[in-house]
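> Can you look at this prediction? I've put the sequence above it.
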Amino acid sequence: MHTPLVARVRPGHKIAVILICVLLIIGCATTRTAVESSLDGPWYQTTQPTARYKGVVQLSTYVTMRDGVQIALDYYLPQNLAPGEKLPTILDQTRYWRNIDLRWPLSSLLTLYEEIVPIIESGYAFVRVDARGSGASFGTRPCPWSADEIRDGAQIIDWIIAQPWSDGVVGAAGGSYEGTAAEFLATNRHPALKAIMPMYSLFDAYTDIAFPGGIHLSWFTEIWQQGNHALDNNRPQEAIWWAPLATRGVASVMFDRNRDLLRRAVAGHAANYQVHNEAKTITFRDDVSPGGVHLDSFSPHTFIDDLRAADIPIYSYSGWFDGGYPHAAIKRFRTLRTRGAKLILGPWDHGGNDHMRPFAKPIKARFDHLAEAKRFFDRYLKGVDTGIDREPPVAYYTMVADQWHQAQTWPPAEAKYATFYAAENHALARSVPADATGADEYRVDPTAGTGDRARWNSLALDLAVYYPDRAKADRKLLVYDSPPLDEDTEVTGHPLVTLYVDSTATDGQFFAYLEDVDEQGRVNYVTEGMLRALHRRLSAETPPYVSPTPYHTYLKKDAQPLTPGETAELVFDLLPVSYLFKKGHRIRLALAGADADHFQVLPGDAPTWRVRRSERFATRLELPIMKR
């Protein structure tokens, strides 16, 4: 369950929260308050929120929208707020239940809002909303972030600023779905909304989550549909049979004591869309599903003009292992350089719970997300001089070096591309091959995959991302290795791959993995990219957003099937990263024709490729090298 600034609690800390996360399938894309400063950069403020108040009051109600639909919300205030005292508000809109009705004794043991207490006690009101057609709210969901749901956000702000405790200033934050809801809230251009913090969230719905590289991320859409169905029908037993022993499901609003309103609201959710069923009918960006779903209609990048016109600070927040969302955060930041815009990219998975480590299992995240969020909102909601607006706008973490860096731009201007060419004997060479006919034959293994703890799994399950030694997995792939490096080599930015391939098929899925091979032959995953051959045509048109990588439209008019036996050029980027390859290690490019663990495998027999590595058809890897 995705929360805005803070975790409810990391699973494993309390058995009740384990239950909650399992029940909801969606997992807890959360943030943390505990901090160990050893890996924090000198720019980072580790001060905890200063308590001005003691205790929190939780209330709930329905707010009626323009079309009569009632939206459920909880609001939290400092317990000893003086009469007439007014506070800024942080708004979070979720489709994963704003609150949970726990049975006794869990209800007496666990306070679900406990980790938002520090920010409320420091002088904020906090409002959490069940989005239209979810939780205890009425209405239906024709798609995520529908036009009506977005308009609801503006009316919720109207309700907030009309309350006696509101000072008329609102900010919005959230992780994953809620981060996108915060971004869409800004498209209303409500004058009371002063800043947003979209965390771990998409910018282009097609490429960032549903179809990375034009390939259906079917594992995600299927499990997301299952989880949403259980939530929307208030049937946690669909996730685990004994769930009703611990919870009655979503919490009703406080005056709905007999849950009559809740039952009526839930009955209306039966008409909600089914995301996986819709996604299975889509190939191109401009396809419309049988249910009338068009991905761009609920993609924030479609509303760039409104977001720019809002002219409010936007803090784009992601981690290197956050599915496809680090690139989403970068595209948002580069496209929407509004005043106060910031970008942070840490060593985290989806939600920032975990700190990923090369050649080792992850550890708990050491970064104080709550304190960073408070710095941002204190500056733009309260006018406090926190210094955040005087810092370089970009902060990023370099893996292996274990260092934070700041920059004025992304990618940093100092990063320069170096080219590595596929060569004979599966080598990555710095010089262009002299061979005029060189090629490597590869029969695609449709069982190849990246395991069940990959970056994509963290989008829907609260499992720390972990790639064990990939030496065995790479036996199914076509690999090219550089010689041992003669010095430490930092890759910071967007690696690029150019493949020249003959295939026996008219289509194909091409996955490229950047890997680190140490002196003992252990193989560490660094990052990946992918492209469906059908979508390989590079666009001559101006992209709809600013991106530092090659742009494919994924439109039907630009479809380009392969011709068996003819050489095709495929150019695509790998997901961004900042990673230090140590002296003596080798850089590996591994190529696959499937990731059966996460992406829909194309029908038909597995094709055979000939990957060309000649002077004319120079398959290559370009790495942005950072000199310090």
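Received, thanks.

> Leu499: what's it in contact with?
Leu499 makes contact with 510, 512, 569-571, 591, 611, 619, according to Cβ atoms under 8 Å, 6 or more residues apart in numbering. Where C-beta positions appear, they are placed from N, C-alpha and C, glycine not excepted.

> Output the residues you listed as TSV; include the columns distance to Gly135, secondary structure and pLDDT.
Supplementary listing: the contacts of Leu499 in TSV, determined by distance: Cβ to Cβ, whole Å; DSSP: H, G, I helix; E, B strand; the rest coil; pLDDT from 0 to 100:
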residue	distance to Gly135	secondary structure	pLDDT
Phe510	41	strand	98
Ala512	41	strand	98
Glu569	49	strand	98
Leu570	43	strand	98
Val571	44	strand	98
Leu591	44	strand	98
Val611	50	strand	98
Thr619	50	coil	98
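
> Including distance to Gln520 and neighbour count, could these go into CSV?
Listed next are the contacts of Leu499 as CSV, based on distance: Cβ to Cβ, whole Å; neighbours: other Cβ atoms under 10 Å:
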residue, distance to Gln520, neighbour count
Phe510, 29, 26
Ala512, 24, 24
Glu569, 36, 14
Leu570, 33, 22
Val571, 34, 15
Leu591, 23, 23
Val611, 27, 21
Thr619, 28, 25
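
> doesn't Ala360 make contact with Ala464?
No. Contact criterion Cβ atoms under 8 Å: Ala464 and Ala360 do not qualify, at 11.7 Å.

> The two: who's more crowded?
Using other Cβ atoms under 10 Å as the criterion, Ala464 and Ala360 rank with Ala464 on top: 19 against 9.

> The nearest residue to the more buried one once chain neighbours are set aside bridge partners, please.
Nearest residue to Ala464, sequence neighbours excluded (Cβ to Cβ, 6 or more residues apart in numbering): Asp354, at 4.0 Å. Legend: beta-bridge partners of Asp354 under DSSP bridges are Lys364.

> And for Asp354, the neighbour number?
Neighbours of Asp354 (other Cβ under 10 Å): 25.

> could I get stretch 159-172 in PDB with only the CA atoms?
The C-alpha trace of stretch 159-172 is given here as PDB (Å, rounded to 0.1, in the frame of the first residue of the first chain):
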ATOM      1  CA  TRP A 159     -13.000  21.600   0.900                       C
ATOM      2  CA  ILE A 160      -9.700  21.800   2.700                       C
ATOM      3  CA  ILE A 161      -9.200  25.500   2.400                       C
ATOM      4  CA  ALA A 162     -12.800  26.100   3.700                       C
ATOM      5  CA  GLN A 163     -12.000  24.300   7.000                       C
ATOM      6  CA  PRO A 164     -11.300  26.500  10.000                       C
ATOM      7  CA  TRP A 165      -7.900  24.800  10.600                       C
ATOM      8  CA  SER A 166      -6.600  25.500   7.000                       C
ATOM      9  CA  ASP A 167      -4.400  28.500   6.200                       C
ATOM     10  CA  GLY A 168      -5.300  28.200   2.500                       C
ATOM     11  CA  VAL A 169      -2.100  26.500   1.400                       C
ATOM     12  CA  VAL A 170      -1.900  22.900   0.100                       C
ATOM     13  CA  GLY A 171       0.900  20.600  -1.000                       C
ATOM     14  CA  ALA A 172       0.500  17.100  -2.500                       C
END
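
> Many thanks, I have nothing further to ask.
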